[in-house]
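In: Got a predicted structure here, sequence first:
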Amino acid sequence: MTVQEEVGAAFDKGWPERLADLGGPAFLRGREEAIARVPLMPDILRLVLAEPPGGPGQDRLDAFVLACVEVPVGEDGVEPEDYKDAVEALAATSLGDELAERCQDVLTRRVRATAEDEVVRWSALGAALQLAITHPDLKHDLLSTLVRLKIKPGDSHTEFARMAAKVTGVAMAHWPDPSLERVLEQLSAVPHARDEALFELGMARLREGLESDQPGRVDERFEEARGHFERSLEAREHRPDALSYARALGMLTAIRRGDASEALARQAQEIHRELAIGAAWASPAEAAWPWMGARWSELMLWQELVGLLAAMASGAFDLDADLAIRRRMLNAYVANRAVLGREPGGVEVFIRPAIEARLVREEAAEAAVMAWLEAEASDPASPWRDAAADLLRAIRRSGGPPGKRTGTAARQA
């Protein structure tokens, strides 16, 4: 009986839920490379990866994992889709440092091998990024591989080119490096990768803007980001994520200009719908690696932000509104922190002046909102204490009506 027939017979007895159902590590008994070549390899690998680390036969298990990463693809090995399934499972599993390093070495080598099947190359690249995120010491091999990639406009591996652009952009988010930006600029000249490379350049500029507290730099970076997103849309019409970010940044600019609230409200509602479409399009339901899910989560945060902006523009932050709506106003005021999870600055450079100006010019704020802000700023238990204190200080500095400069709590906060 061949190894493949033996494995098939073992599975025919009942689909195993644990490696023990196949006999435990002894099932492999020195046949790691042969078992790695059978069609059921991804299923056996998942059972192996689910084994508690450090148990009996760990060396045998590690040898099988490595054999699965090294297995040939094609007539003498597994199908490309089976290899993809295997490395997806591998990258989503917590591996020991030594095994992760050995796997990363094989993955990056296969990425660089232009003779490899295209599915093998791009799936190995996605898995290598996830391993580098999970094991930061492995990032050097990945970054070196990305920088050394030679992808030309006429290359036949079109999906690999797109994956290379996406992985380079996500890698740059984790480890900013000018050499990675140059890779993206080169890939923007490759037709099949152009929209992805431009989108990632837009994300890089967006991050730079979000990380700055200098209004001029934020404005400049956001405008550059919007330009990249719009060019991504020109390169490939169906890019709901690029459209969503471009429109959201356009709305922030409109808020800073002081556009009419009615137009802003309509625009915010449209963008909110576009973001919902973009989020559905980028849903992690089919995400091969956790880093893809993280990108979706980031888009969802922007959906929440635009929801706040829509409420702000439509008058939902009316000064006589209930407490929950007022607190949403404070969330918008510190949106870079409260919504996007970043340091002060970024979108707050656009949003804060609009909220401050509105409170300064509306006399109704004197009794209703100012007293509430005083109470929030003086309450040590309030999660909005700092935001309320910041807003009070800004209103007082702006020279608002004297009646709005009441109380001492904010001065003490």
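Out: Good, I have the coordinates. Numbers count the residues shown, from 1 in each chain.
In: got the CA coordinates for stretch 67-77 in CSV?
Out: Below are the C-alpha coordinates for stretch 67-77, written out as CSV (Å, rounded to 0.1, in the frame of the first residue of the first chain):
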residue,chain,number,x,y,z
ALA,A,67,8.3,19.4,4.8
CYS,A,68,4.9,20.9,3.9
VAL,A,69,6.5,24.3,3.4
GLU,A,70,9.2,22.8,1.2
VAL,A,71,7.0,20.3,-0.7
PRO,A,72,7.3,20.5,-4.5
VAL,A,73,4.3,21.7,-6.5
GLY,A,74,3.2,20.1,-9.7
GLU,A,75,3.6,16.6,-11.0
ASP,A,76,6.0,15.5,-8.3
GLY,A,77,4.1,17.2,-5.5
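In: in it, what counts as buried?
Out: For stretch 67-77, burial by neighbour count (16 or more other Cβ atoms under 10 Å) applies to 67-71, 73, 77. The way it works is simple: take the backbone N, C-alpha and C, and place the C-beta from them, glycine included.
In: Report the two of these separated the most.
Out: Within the buried residues of stretch 67-77, 67 and 73 form the most distant pair, 13.3 Å apart (Cβ to Cβ).
In: by contact count, what packs against the lengthiest helix in the chain?
Out: Ordering each helix of the chain by length in residues (DSSP state H) puts helix 290-314 first. Packing partners of helix 290-314 (3 or more Cβ pairs under 8 Å, 6 or more residues apart in numbering; DSSP states H and E): helix 118-134, helix 240-257, helix 261-281, helix 323-333, helix 348-361.
In: please redo it, this time with the cut-off set to 7 Å
Out: helix 118-134, helix 240-257, helix 261-281, helix 323-333 (3 or more Cβ pairs under 7 Å, 6 or more residues apart in numbering; DSSP states H and E).
In: rewinding a little: and the buried residues of stretch 67-77 as CSV, adding secondary structure and distance to residue 272?
Out: Listed next are the buried residues of stretch 67-77 as CSV, based on DSSP: H, G, I helix; E, B strand; the rest coil; distance: Cβ to Cβ, whole Å:
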residue, secondary structure, distance to residue 272
67, helix, 49
68, helix, 44
69, helix, 43
70, helix, 48
71, coil, 47
73, strand, 44
77, coil, 48
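In: Between the residues you listed, which sits nearest residue 146?
Out: Of all the buried residues of stretch 67-77, residue 146 sits closest to residue 69, with 19.1 Å by Cβ to Cβ.
In: tell me the centre residue of the protein?
Out: By Cα atoms, centre = their mean, the mean C-alpha position of the chain lies nearest to residue 295, the distance being 2.2 Å.
In: do you know which of the helices and strands packed on helix 290-314 lies nearest residue 348?
Out: Checking the helices and strands packed on helix 290-314 against residue 348 by Cβ to Cβ gives helix 323-333 as the closest, at 7.2 Å.
In: Now the longest helix of the chain: buried residues?
Out: Of all the residues in helix 290-314, those buried under the rule 16+ other Cβ under 10 Å are 291-292, 295-296, 298-300, 302-314.
In: Check stretch 138-154 too.
Out: For stretch 138-154, the neighbour count (16+ other Cβ under 10 Å) marks 138-139, 141-143, 145-146, 149, 151 as buried.
In: what does stretch 34-47 give?
Out: Neighbour-count burial for stretch 34-47 flags 35-38, 41-47 (criterion: 16+ other Cβ under 10 Å).
In: Tell me the secondary structure of residue 16, please.
Out: Per DSSP: H, G, I helix; E, B strand; the rest coil, the local secondary structure of residue 16 is coil.
In: Which residue, other than its chain neighbours, is closest to it?
Out: Closest residue to residue 16 apart from its sequence neighbours, by Cβ to Cβ, 6 or more residues apart in numbering: residue 22 at 5.3 Å.
In: Does the one you found touch residue 10 like I think?
Out: Yes: here residue 22 lies in contact with residue 10, judged by Cβ atoms under 7 Å, at a distance of 5.5 Å.
In: what's the domain layout of the protein?
Out: Annotated domains of the chain cover 1-135, 319-413 [automatic domain parsing].
In: My guess is residue 117 contacts residue 73. True?
Out: Yes: look at residue 117 against residue 73 with Cβ under 7 Å: they come within range, at 5.0 Å.
In: Report the set of residues contacting both of those two.
Out: Shared contacts of residue 117 and residue 73, defined by Cβ atoms under 7 Å, 6 or more residues apart in numbering, are found at residue 80.
In: quick one: low-confidence parts of this structure?
Out: Within the chain, the ranges that satisfy pLDDT under 70 run 260-261, 275, 278-288, 311-326, 358, 360-368, 398-413.
In: same thing but at 50, please
Out: For the chain, the stretches with pLDDT under 50 are 316, 401-413.
In: just to revisit the earlier point, so which of residue 22 and residue 10 has more stuff around it?
Out: Relative neighbour count places residue 22 above the other of residue 22 and residue 10, with 19 against 16, counting by other Cβ atoms under 10 Å.
In: Kindly provide the distance from the more buried one to residue 65.
Out: To residue 65, residue 22 is 16 Å away according to Cβ to Cβ, to the nearest Å.
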